[in-house]
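**Q** Starting from these lines, generate the structure:
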Amino acid sequence: MQVGGVPKSLNRCESAEELYQAAKQAWLSEEPFHILAGGSNTVFADELSQLNVILVANRGKEIVFEDDERIVIRVQAGESWDEFVAWAVEHGYAGIEAMSGIPGSVGATPVQNVGGYGQEVSQVITQIEFLDAETHEVEIQPASFFEFAYRDSALKHGLVGVIGWVEFELKKLGGLSVPMASGQITNHVGAPYGSQLPLSQVRDVVLELRMSKGMVVRPEDPNSVSCGSFFTNPVVSYGKSLEFPEEMQRWRMEDESKVKLSSGWLIENAGIPKGYQLPGSKAAISKKHALAITNTGGATAEEILELARFIQERVAARWGINLIPEPNLIGF
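**A** This is a model prediction of the structure:
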């Protein structure tokens, strides 16, 4: 977002052991701190002079199991997520190709069960090394321990700790993807829903789709100066979904009693167009995607949040839906 003040200190941790030690010291201290990885899904307040930042910078990948059908890879928390996806595609490993272009680190992906175009990390995570803040013990926990749900996990609801590495199980499908669960991808290439496509083709299509929405960080694209989607898509009951116009974007969930609504549609149809700015503010709705708030140059963190509150109020008044912010809001 290119906003936020200067912290009191920044401690760069280049191994899981350094990260765990720094976290333990921070938990015992009475000073405010934040554990930061890629920072792509974070908005920092303008005043941070009392905040100590622990930077997750441990890198590396290790293959722990492999046969003709699958491979299990242990990836350090500080690895770039998209670099890992590109590596998997290049080597013919399927299961994360539709999550190309998502910024941030591998260790951050389990927190909100990162996903895109029909794939979620919870579908491929096997286990995670986790330092528990309560016990100060390092434990290897199975994926089920983190109670993954749509853009959610126990890490957002009271489970506190630090992720050192994440283990993924990917498939070997002869260079093809897993069956595509995104009509956007299959429609784009003229293939039936559920098709298996070449991994490189899926990655190229996803990057193209995300760039068209300003959702890939590129210096030449001012609409990408954002933290991606600022609000999660709300999930409502099937009965509630019938209260909305037929033309509204919506998706049935695995639990067929639930329907996911499009936050972008709700925003635009509450009278807030793409590119909208409050008077005098340098924060704006992206010109490419109504769900992203961008910094047009020199915006303050408070201006970003002021626009977010305005969006919430307008959508609540028009549609009776309370949009929930997706990024971490630090220091507010």
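
**Q** Tell me how many other residues crowd residue 180.
**A** Look at residue 180: counted by other C-beta atoms under 10 Å, it has 24 neighbours. Using the backbone N, CA and C atoms, a C-beta is placed for each residue, glycine as well.

**Q** What distance do you get for it to residue 138?
**A** Going from residue 180 to residue 138 by C-beta to C-beta, to the nearest Å gives 37 Å.

**Q** Over to residue 164?
**A** For residue 164, the distance to residue 138 (C-beta to C-beta) stands at 7 Å.

**Q** swap in residue 291?
**A** Going from residue 291 to residue 138 by C-beta to C-beta gives 37 Å.

**Q** next one: residue 331
**A** In terms of C-beta to C-beta, residue 331 sits 28 Å off from residue 138.

**Q** which ones are touching the spatially closest residue to residue 312 that is not a sequence neighbour?
**A** The spatial neighbour of residue 312 that comes closest, neighbours along the chain excluded (C-beta to C-beta, 6 or more residues apart in numbering), is residue 323 at 5.2 Å. Shown in contact with residue 323 (C-beta atoms under 8 Å, 6 or more residues apart in numbering): 231-232, 234, 263, 266-267, 311-312, 315-316.

**Q** Go again with 6 Å.
**A** Contacts of residue 323 were listed using C-beta atoms under 6 Å, 6 or more residues apart in numbering, and they are 231, 263, 312, 315.

**Q** Of the residues you listed, just say which sits nearest to residue 272.
**A** Distance to residue 272, by C-beta to C-beta, is smallest for residue 315 among those, at 8.1 Å.

**Q** secondary structure class for that closest one?
**A** helix (DSSP: H, G, I helix; E, B strand; the rest coil).

**Q** Check residue 54 too.
**A** Residue 54 ends up strand, using three-state DSSP.

**Q** number of nearby residues for it?
**A** Quick note: residue 54 (other C-beta under 10 Å) scores 23 neighbours.

**Q** Next: residue 271.
**A** Neighbours around residue 271, by other C-beta under 10 Å: 11.

**Q** helix/strand/coil for it?
**A** Strictly by three-state DSSP, residue 271 counts as coil.

**Q** what about the closest residue to it other than its chain neighbours, how many neighbours?
**A** Excluding the flanking residues, the one nearest residue 271 by C-beta to C-beta, 6+ apart is residue 314, at 6.5 Å. Here the number of neighbours of residue 314 (other C-beta under 10 Å) works out to 16.

**Q** correct me, but residue 314 touches residue 267?
**A** No. Here residue 314 does not reach residue 267: they are 7.8 Å apart, not a contact under C-beta atoms under 6 Å.

**Q** pLDDT at residue 139, what is it?
**A** With respect to pLDDT, residue 139 has a value of 97.

**Q** neighbours of it, just the number please.
**A** Neighbours of residue 139 using other C-beta under 10 Å come to 13.

**Q** Tell me which helix or strand it sits in.
**A** Per DSSP states H and E: residue 139 is located in strand 138-142.

**Q** And the next helix or strand past that strand?
**A** strand 161-172.

**Q** Quick check: what element follows that following strand along the chain?
**A** Next along the chain from strand 161-172, counting by DSSP H and E, comes helix 183-189.

**Q** May I see the buried residues of the helix-or-strand element of the chain with minimal mean pLDDT?
**A** When each helix and strand of the chain is scored by mean pLDDT, DSSP states H and E, strand 250-252 comes last, with a mean of 85. Neighbour counts over strand 250-252 (16 or more other C-beta atoms under 10 Å) mark residue 250 as buried.
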